[in-house]
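Asks: Give the three-dimensional model of this entry:
(2 chains)
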Amino acid sequence: MRGPSLALSPRAANRVRFAAILGVLGPGLVSGFADNDAGGIATYSVVGVKFGYELLWVLLATQIALFFTQEVGARLGLATGQGLTGLVRERFGVRWVFFVTVTMLIANMGSIVAEFAGTAAALSLFGVPPAVSALVSASAVVLLLARGSFARVQYLFVAVGIGVSIAYFASALLARPDWGHAAASFVPHGSLSGAYWLAVVATVGTTITPWGQAFIQSYCADKRLGPEDLMGERLDVGLGSLLANLIGGFVIVACAATLYSQSGTINTGDANAVSEIARALSPLAGEGATILFAIGLLAASFLGLGVVPLTSAYAACEAFGWETGVDWRWHDAPAFYGLLVFFIAVAAFFVLIPGLPLVEVMVLAQVVNALLLPFVLVFVMILASDRTLMGPLASGRLLRSIGWAVTGLLALLAPVLAVTTIFGAG
Amino acid sequence: MLYLSQAIGRPVRDQAGEAIGKVADLIVAIGDRYPPVTGLVVRTNGREIFLHWQAVASLDATGATLGTTAIDIGRFQQRPNEIRLKLDLMDRQIVDIDGRKVVRVNDLRLDEVEGALHLVAVDVGPSGLLRRLGIEGPWRTIARGLHREVPERYIDWEDVDPVERSIASVKLRVPHKGLAELHPADLATIIDQLSRNDRVGLIESLDDEAAADAIGEMQPEAQVDILEDLEPERAADILEEMDPDDAADLVADLPEETRVEILGLMEKDEAEEVQELMTYAEDTAGGIMTTEFVAVPASLTAAQTIDRLRELEPDAETIYYVYVTDSQGRLVGVLSLRDLIVAKPGTRISSFMYDEPVAVRTGASQEEVTEIVARYNLLAVPVVDDEGRLEGIVTVDDAMDTLLPHPSGRFARIFGRGPGATDR
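Replies: Got it, this is the predicted structure:
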């Protein structure tokens, strides 16, 4: 019999390490923060500009879904000590893991392109051409990862992220939003418009992602967290997902309060739409809104550029059994670093296409993520219910029902989007 | 030659050529150098039945044929030395002993040896992945057109060790050196690559001394994790085998409750030694010293001293220096192994010992110790208390530990291990 419960002595498995709960805080928070990457900021902004408060209910729904998907990912990591693709390989074999990995990598590629579009958009506010910012930021990220100094600068990105989140919060307050209207928008409501559903799907896709699923699990496994860390990890995931969506909510409210009235004149498909979106920060920063927005978008993009390519290379290596050792030297892990550089280079080159509508690219990448997500989640849910694999951490009846309900609803988004786009009004 | 992936899912036919089911798995008996296939698991009508190898006339990429008319359709019962190739090995992680790393099984290679089918090698190369994806043939055709080779990589069954604890325990029960043959530092690196459950499984399969050596080479936080996950009795046994200084550092990092429990299970002498060492701060000479050293009175002759060494059988890292102490235990001199061997057997050691030995106080910082070891090119430096009594020695490996980088997981390395981790 295999099963993690046998490997741990009963003493270790039963003890909840309260002191360790604080030490556990991390994976969920980092993941939550990375959710508000370039694609996140762009999507929330566009949603606020185009639909005002209309889509706030989607945030509430994804908040709940994000918690449960991250919780199940963390639980898989705690119980098995393995990453997602490693488990899929052992349980379903080479063909299925090939399918899952390729699906995930396509989605991740979209996210990485969005991060580069983010750096290009941010720097375009200072007049830097997209080609230059893509090449410079690609080299910077590879260098940071290679020198192992990403660990230190990530705090800078997170700090800037917190700063800009506070700025959005302040701008939202100063813009005197219609709080009654905003609160009423938390009640779910639909529409037959294709554009409406595209925005819904993008909002879901920027929050719950295939890479987020792989990331939380690998990070928990990598930190050698075990079953006794379950409660701490749930708290961590809860805080992370709450924070991610609170920030998203304030970006939407700030944009809705300042820019929704002019939404007719703002074309998000335009190459310089980003300077329009940046004005959401003007209630706080006035003329400095552009600079503040650019810095925030840049930091968010860089945080994403650290997390997503790394998660992708990790997932691919684990799936196919390429070196997944702990060594940090390039010549010991050619496949890992080769993939890392490959993902970054290909995505950066994509942004070199002249006249690319950067904001639209960021939003569409989130749509790709949302549409591919159910294919990954199906495997997550099957694995998490497996008692031989998960031992006492296997999903019980309640978590199993919630997990499948979330997966099912996410899978419905594709047909809804297709139908409303083809037959819907506007 | 047959690959497991080529046999799985193929039809099983009776003597009349009628398909009665599909090959679900192959069973081998561990023990020989190349484990022989002892049976087939056949999937028929939604259930698994076991087919003894004697009932199988042939097995190849087209399927299996029965050699007997009557088959016993009893439910499959696994014997203790048997493993199922697909269920227990395929796609799992194994340790490549020569390559000293953890790899994943892409396919398993079986060969006819003396008329019987045996498991001979593990396919860990790209060709195995392509075969599993069902595109090996076309890929080879394209590669041939481009004058390229499709890379293949196999590891002989003798040079692998399964990680999965259920199989590891089977394989390690038979006479087989495998993992235990590795240098402890390599073993520690391999253990570092494994998930938490597999790590515990692997440690449990080692003997106490090998486990102690490997754990001694690991990072403090990893040591603590492993010790906490082991049964307390086993943890105590392993700690007894470790160098007392390493054991003390490790025990000091354990949570109070576990520490008391494990110390209580250790032999009294060893536990006392560890507790005494724990009273010193971790980053001082006292904290990193070991109490395993050889001390003799100045009145002995060279021959008597060598006899004493034979009796004590000190560890490799502590044999090079013999310390000379007076009746109060104060350090008065030092001899190298070389001095002892080249001296005439009857000479008193006091006449040729070095009587102004370099030593550090128990409170000296680790940096000072490192500096002294480096400056005097020592293999070990003695540690004395305020009265000059010899308390222990710091060996060069422990002194140099501060200088080495600490590996950790990639995610943890990039995003931090959290405040609970120690990084000394």
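
Asks: Who are the contact partners of A:Val113?
Replies: For A:Val113, the contacting residues are A:347, A:350-351, A:361, A:365, by CB atoms under 8 Å, 6 or more residues apart in numbering or on different chains. The C-beta positions use only the backbone N, C-alpha and C, and glycine is treated the same way.

Asks: which residues of the stretch 1-150 of chain B score low on pLDDT?
Replies: Within the stretch 1-150 of chain B, the stretches with pLDDT under 70 are B:70-77.

Asks: pLDDT score for the residue in the stretch 101-250 of chain A positioned nearest to chain B?
Replies: Closest residue of the stretch 101-250 of chain A to chain B, CB to the nearest CB: A:Asp222 (3.5 Å). As predicted, A:Asp222 sits at a pLDDT of 79.

Asks: do the same with A:Arg234
Replies: Note on A:Arg234: pLDDT of 91.

Asks: Can you report how many residues neighbour the residue nearest to it when sequence neighbours are not counted?
Replies: Closest residue in space to A:Arg234, ignoring its immediate chain neighbours: A:Glu71 at 6.0 Å, by CB to CB, 6 or more residues apart in numbering or on different chains. As a burial measure, A:Glu71 scores 24 neighbours (other CB atoms under 10 Å in any protein chain shown).

Asks: Which secondary structure elements does the one helix or strand A:Glu71 maps to sit against?
Replies: Using DSSP states H and E, A:Glu71 sits within helix A:56-80. Counting contacts by 3 or more CB pairs under 8 Å, 6 or more residues apart in numbering or on different chains; DSSP states H and E, helix A:56-80 packs against helix A:27-35, helix A:84-124, helix A:194-207, helix A:210-222, helix A:230-259, helix A:358-384, helix A:387-390, helix A:397-423.

Asks: chain center to that helix, what's the gap?
Replies: Relative to the centre of its chain, helix A:56-80 is centred 12 Å away, using CA atoms, centre = their mean, to the nearest Å.

Asks: how far does stretch B:283-294 stretch from start to finish?
Replies: 24 Å (CA to CA, to the nearest Å).

Asks: Can you give me the buried ones in it?
Replies: B:284-294 (16 or more other CB atoms under 10 Å in any protein chain shown).

Asks: try stretch B:36-48
Replies: For stretch B:36-48, the neighbour count (16+ other CB under 10 Å) marks B:36-43 as buried.

Asks: Next step: those restricted to helices.
Replies: Members of these lying in helices (criterion: DSSP state H): none.

Asks: Measure how buried A:Thr69 is and give me the count.
Replies: A:Thr69 is flanked by 29 other residues according to other CB under 10 Å.

Asks: Skipping its backbone neighbours, what lies nearest it in space?
Replies: A:Ile208 (5.5 Å).

Asks: phi, psi of that neighbour?
Replies: Phi and psi for A:Ile208, reported as degrees, to the nearest 10, are phi -100, psi 120.

Asks: In which helix or strand does the residue nearest in space to the middle of chain B reside?
Replies: A centroid search over chain B (CA atoms, centre = their mean) returns B:Leu187, at 3.8 Å, as the residue closest to the centre. Element membership of B:Leu187, judged by DSSP H and E, is helix B:184-192.

Asks: Which members of the buried residues of stretch B:36-48 additionally contact chain A?
Replies: Contacts with chain A are made by none of these, judged by CB under 8 Å from any CB of the partner chain.

Asks: Which members of the residues you listed occur in strands, if any?
Replies: B:37-43 (DSSP state E).

Asks: I'd like the average pLDDT over the helix or strand that A:Ile41 is a member of.
Replies: Per DSSP H and E, A:Ile41 falls inside helix A:38-51. Throughout helix A:38-51, pLDDT has a mean value of 90.

Asks: Show me the contact partners of stretch A:408-418.
Replies: Under CB under 8 Å, 6+ apart, the answer for stretch A:408-418 is A:65, A:194, A:197-198, A:200-201, A:204, A:208, A:367, A:370-371, A:373-374, A:377.

Asks: Between those residues, which sits nearest A:Gln82?
Replies: A:Leu377 (17.6 Å; CB to CB).

Asks: burial count for the closest one?
Replies: By other CB under 10 Å, neighbour count at A:Leu377 equals 24.

Asks: repeat for B:Leu230
Replies: 24.

Asks: Surely it is in contact with B:Ile238?
Replies: Yes: contact criterion CB atoms under 8 Å: B:Leu230 and B:Ile238 qualify, at 7.3 Å.

Asks: who touches both of the two?
Replies: Joint contacts of B:Leu230 and B:Ile238 (CB under 8 Å, 6+ apart) are B:Ile203.

Asks: returning to what we had before: from what I can see the residue nearest to A:Thr69 touches A:Phe68, true?
Replies: No: the pair A:Ile208 / A:Phe68 is not scored as a contact, 9.6 Å apart, by CB under 8 Å.

Asks: So for these two, which sits in the more crowded spot?
Replies: Taking other CB under 10 Å, A:Ile208 and A:Phe68 do not tie; A:Ile208 has more neighbours (24 against 19).

Asks: of all of the stretch 201-350 of chain A, which residue lies closest to chain B?
Replies: Counting by CB to the nearest CB, the stretch 201-350 of chain A gets nearest chain B through A:Gly321, at 2.6 Å.

Asks: so where do the helices sit in the stretch 301-424 of chain B?
Replies: B:302-312, B:337-342, B:366-375, B:396-400, B:410-415 (DSSP state H, counting those that start in this stretch).

Asks: And the fourth one, what's buried?
Replies: Counting neighbours by 16+ other CB under 10 Å, one finds that the buried residues in helix B:396-400 are B:396, B:398-399.

Asks: Just give me how far it sits from the chain centre.
Replies: Centre to centre, stretch against its chain (CA atoms, centre = their mean), the figure for helix B:396-400 is 22 Å.

Asks: Please put the alpha-carbon coordinates of that helix into CSV.
Replies: Extracted C-alpha coordinates of helix B:396-400, given in CSV (Å, rounded to 0.1, in the frame of the first residue of the first chain):
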residue,chain,number,x,y,z
VAL,B,396,37.8,20.7,9.4
ASP,B,397,34.5,19.7,7.8
ASP,B,398,32.4,21.3,10.5
ALA,B,399,34.6,24.4,10.5
MET,B,400,34.2,24.9,6.8
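
Asks: circling back: among the buried residues of stretch B:36-48, which one lies nearest to B:Thr325?
Replies: The closest of the buried residues of stretch B:36-48 to B:Thr325 turns out to be B:Pro36 (CB to CB; 61.4 Å).
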